[in-house]
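1. Can you look at this prediction? I've put the sequence above it.
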Amino acid sequence: MSAGARTTDPPAVEPVQRSARAWARYLSNHPLIVLGGVLVILVLSTAAVEPRYLSSRGIRNTVLLAAPLGIMAAGQTVLMLTRGIDLSVAMVATAAAYVVGNQSPNGAALAIVLGLVVGVLAGAANGIGVGVFRVNPLIMTLAMAGILLGLFTQWAATILQGSTSVAPFIRTIGAGSFLNRQIPWNVLIWGVVAFIVIGGLRRSGLGRMIYAVGDNPTAARLAGVRSWQVLLAAYMISGFFAALGGILLAGQSGAVDLRLAQNFLLPSVAAAVIGGTSIFGGVGTYSGTIFGALILSVLNSMLTFLDAGQAVKQIVYGMIVLGLAWLYAAVTRAD
Amino acid sequence: MSTTTGDLARIRTGAGWARWLRRNGWTAGVWVLLLVLVGWYASLIPVFGEFQIASIVKNSLPTAYLAVAQAVVIISGGLDLGVGAMMVLANSVSALYMEGQGLGVTLLIGIAVVLGAAALNAIIGWVIVTSRVPDIIVTLATLFVLSGVALMILPSPGGGTSGGFRWIFTGSTAGISANYVPSMVALGLPVAVVALWLRRTRPGLSIYALGSDENAAYLSGVNTRRAKVIAYAIGGAFASLAGLAITAITATGDSRFVNASNGTLNSVAAVVLGGIALTGGLGSVIGAVAAGIVLFILNPILTTMGINPNTAQVIRGALIVAVMMVAGLLELRRRRAE
């Protein structure tokens, strides 16, 4: 992507009142407050539409749906930090779900491991293309999605035939809850993912190198970072999370089909973007993405309560993504 | 090079062929690839005549138009994920209102759709330069919004058009014939106009300038905001041409989301295959057109070879990756050599 877009500032800055500017600066330093505010507003307006939403059950359903999205968006966040993007998350998730469905008779543990391996392998292929051969990430992951779609459409009718249901254990972690049916298992998994990703990006060597490669590839290279290894690792991480998300989705729906995850591709990008991760790399956090996934999930609940058709859903969804991105850009640009 | 003026380019033409090849090698290569593929296809099927040529040109129209739409935007340093949705919207609107009308009315509707799409995409371009939200995010949103509007206007496939309107894009009032001239004109004329306009006029060159270095363009007096809005307007116009072509070819409108997303994906693939840098400022729409037709013609070739459509999709994806890997390696070697 062009680096020029963010370096251009018009020479004239419109005069803003001092207090307003101080506020804007405070908010731009603490973007999570803005996101939290948006989330609260959305939850309250959803409750205004449907009062029953403000119950432990309504909230539970929202986070239950947000967890697979948030986990897939974790990979997306890591890649966007490296100036990359993964447009194959939905197909990788579906592929993993198919493998899990196929291997479920051999035990849930083996099935899950093999599903995750498929994700990591697909991610590694993406990583080699982007990291070693310098293929544009958009093209590489798009082509990967096309390849996987072709392969699994074919295999779904042949060697993977009948792999449409998953083991009970996977259904439990995908849709079940614990603590008096209050907390979904997949939210626990999401919590672990969040802990690892937030901590890993902040403290581990790989995490810092992911930021470095995305912030300034040349500087990172001159500092001795082997960027192809960092990129390979990042794409493998994304493949892993896509597969994990796909497995949870399969558990949630109880069945696997080729369209299982297709509605998660663009939202996974949108969640990261709403959360403030820059598509130009080097800027962003996973905590923001978590808010992004929650916001999208609440929005989905609200539109369902409003009984909106698919067309209206798409329009509102697009408008909200644009509106939030615009608001976010305005707030973070103020300083 | 794209920031220099036309005059400077003309002074330097003395360097001759080697220079032309270095500049346009990729574009020429894609056209050679296209000719090879057409030749291969011709050798695979028992009869290859005007009818087959007409069929290839006609059916590749939507991909080729979309490739141009995406190319202009990408050259300006942007990326329009909404082109596919704009195509679907134009297809739905035109099929809905053209049904049962005569040639005159359908032509007027067609023109109105192109102008409307250009205006709509200009507004999207304006939103991008005003909000300074990255192109990819704004157009991700418009991909949803526009295809939602299309779905609202035409909830289920239907509609129609006039025979005369079908002739403009397909060479026959029934949509199928051996007359390839109208299709070629319908593709060649607008592409030639835009290609020349981009290379020879001030606003056209300012689009290249904007894509190659926004700061430098701004500092050398280019109205970068206007250039971006114009690029998006042209992109919208070409995306709507793709939609009108579908209306003419199929005589129906189809507003399913999968058409929009596939259209966008193909357009990006065609642009990259056509030698246009995703960073902007480099490449030509001529290359993108050839790449768009290449992407289309792979389908009939693989089908005639008896390969099932799913394997064909795998091969297509692998081929795109392979081409990009070779390009990446060449680029790497060139950089090492310098």
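-> Sure thing, it's come through. Numbers count the residues shown, from 1 in each chain, chains lettered A, B, ... in the order given.
2. can you tell me which residues contact residue B:204?
-> Contact analysis of residue B:204 by C-beta atoms under 8 Å, 6 or more residues apart in numbering or on different chains lists B:197, B:198. Heads up, the C-betas are built off the backbone N, CA and C, glycines and all.
3. could you redo the last one with a cut-off of 10 Å?
-> By C-beta atoms under 10 Å, 6 or more residues apart in numbering or on different chains, the contact set of residue B:204 is B:6, B:72, B:75, B:194, B:195, B:196, B:197, B:198, B:227, B:230, B:231, B:234.
4. cool, residue B:26 as well?
-> By C-beta under 10 Å, 6+ apart, the contact set of residue B:26 is B:273, B:274, B:275, B:276, B:282, B:283, B:284, B:287, B:291, B:327, B:330.
5. Filter the contacts of residue B:204 down to just the ones in helices.
-> Using DSSP state H, the members of these that fall in helices are B:6, B:72, B:75, B:194, B:195, B:196, B:197, B:198, B:227, B:230, B:231, B:234.
6. Can you say which of those are buried?
-> The neighbour-count criterion (16 or more other C-beta atoms under 10 Å in any protein chain shown) marks B:72, B:75, B:194, B:195, B:197, B:198, B:227, B:230, B:231, B:234 among these as buried.
7. Look up how far residue A:253 lies from residue A:164.
-> Taking C-beta to C-beta, to the nearest Å as the measure, residue A:164 falls 10 Å from residue A:253.
8. shared neighbours of these two, anything?
-> Common neighbours of residue A:164 and residue A:253 (criterion: C-beta under 10 Å, 6+ apart): residue A:97.
9. Spatially nearest residue to residue B:269, not counting backbone neighbours?
-> The shortest distance from residue B:269 to any non-neighbouring residue, by C-beta to C-beta, 6 or more residues apart in numbering or on different chains, is to residue B:320 (5.6 Å).
10. In terms of helices and strands, where is the one you found?
-> If you go by DSSP states H and E, residue B:320 is part of helix B:309-337.
11. next one: residue B:207
-> Taking DSSP H and E as the definition, residue B:207 sits inside helix B:202-212.
12. Please spell out which residues along that helix are buried.
-> By neighbour count on 16+ other C-beta under 10 Å, the buried set for helix B:202-212 is B:204, B:205, B:206, B:207, B:208, B:209, B:210, B:211, B:212.
13. again with stretch B:173-193
-> Buried residues in stretch B:173-193, defined by neighbour count with 16+ other C-beta under 10 Å: B:175, B:177, B:179, B:180, B:182, B:183, B:184, B:186, B:187, B:190, B:191.
14. how close does residue B:267 sit to residue A:110?
-> Plainly put, residue B:267 is 42 Å away from residue A:110 if you go by C-beta to C-beta.
15. Tell me which of the two has more neighbours.
-> residue B:267 (35 against 14; other C-beta atoms under 10 Å in any protein chain shown).
16. Hmm, residue B:276 and the more buried one touching each other?
-> No - checked against C-beta atoms under 10 Å, the pair residue B:267 and residue B:276 is beyond contact range at 11.0 Å.
17. any shared contact partners between these two?
-> What both residue B:267 and residue B:276 touch, as defined by C-beta under 10 Å, 6+ apart, is the set B:67, B:70, B:71, B:74, B:288, B:291.
18. Chain A: which of these is nearest?
-> When the shared contacts of residue B:267 and residue B:276 are compared for distance to chain A (C-beta to the nearest C-beta), residue B:74 wins out at 10.1 Å.
19. Tell me which helix or strand residue B:160 sits in.
-> Counting by DSSP H and E, residue B:160 is found in no helix or strand.
20. which residue packs closest to it, ignoring adjacent ones?
-> Residue B:160 sits nearest to residue B:99 (C-beta to C-beta, 6+ apart), 3.8 Å away.
21. Which residues lie in contact with the one you found in this structure?
-> When contacts are counted by C-beta under 10 Å, 6+ apart, residue B:99 touches B:106, B:158, B:159, B:160, B:161, B:162, B:247, B:251, B:252, B:253.
22. Try it again at 8 Å.
-> With contact set as C-beta under 8 Å, 6+ apart, residue B:99 has these partners: B:158, B:159, B:160, B:161.
23. Save those as JSON lines, and put in neighbour count too.
-> Shown next, in JSON lines, are the contacts of residue B:99 (neighbours: other C-beta atoms under 10 Å in any protein chain shown):
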{"residue": "B:158", "neighbour count": "14"}
{"residue": "B:159", "neighbour count": "23"}
{"residue": "B:160", "neighbour count": "20"}
{"residue": "B:161", "neighbour count": "29"}
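24. How far off centre is the helix holding residue B:207?
-> 18 Å (C-alpha atoms, centre = their mean, to the nearest Å).
25. immediately after that helix, which helix or strand?
-> Per DSSP H and E, the first helix or strand lying C-terminal to helix B:202-212 is helix B:214-219.
26. Buried ones in that next one, by neighbour count?
-> Within helix B:214-219, the residues scored as buried using 16+ other C-beta under 10 Å are B:214, B:217, B:218.
27. May I have stretch B:184-201 exported as CSV, CA atoms only?
-> Only the C-alpha atoms of stretch B:184-201 are listed here, as CSV (Å, rounded to 0.1, in the frame of the first residue of the first chain):
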residue,chain,number,x,y,z
MET,B,184,-14.6,-5.5,-30.0
VAL,B,185,-15.7,-1.9,-30.6
ALA,B,186,-17.5,-1.9,-27.3
LEU,B,187,-14.3,-3.0,-25.6
GLY,B,188,-11.7,-1.2,-27.7
LEU,B,189,-13.2,2.2,-28.0
PRO,B,190,-13.6,3.1,-24.3
VAL,B,191,-10.3,1.5,-23.4
ALA,B,192,-8.5,3.4,-26.1
VAL,B,193,-10.0,6.6,-25.0
VAL,B,194,-9.1,6.1,-21.4
ALA,B,195,-5.6,4.8,-22.2
LEU,B,196,-4.8,7.8,-24.3
TRP,B,197,-6.4,10.2,-21.9
LEU,B,198,-4.3,8.8,-19.0
ARG,B,199,-1.0,9.1,-21.0
ARG,B,200,-1.6,12.3,-23.0
THR,B,201,-3.6,14.7,-21.0
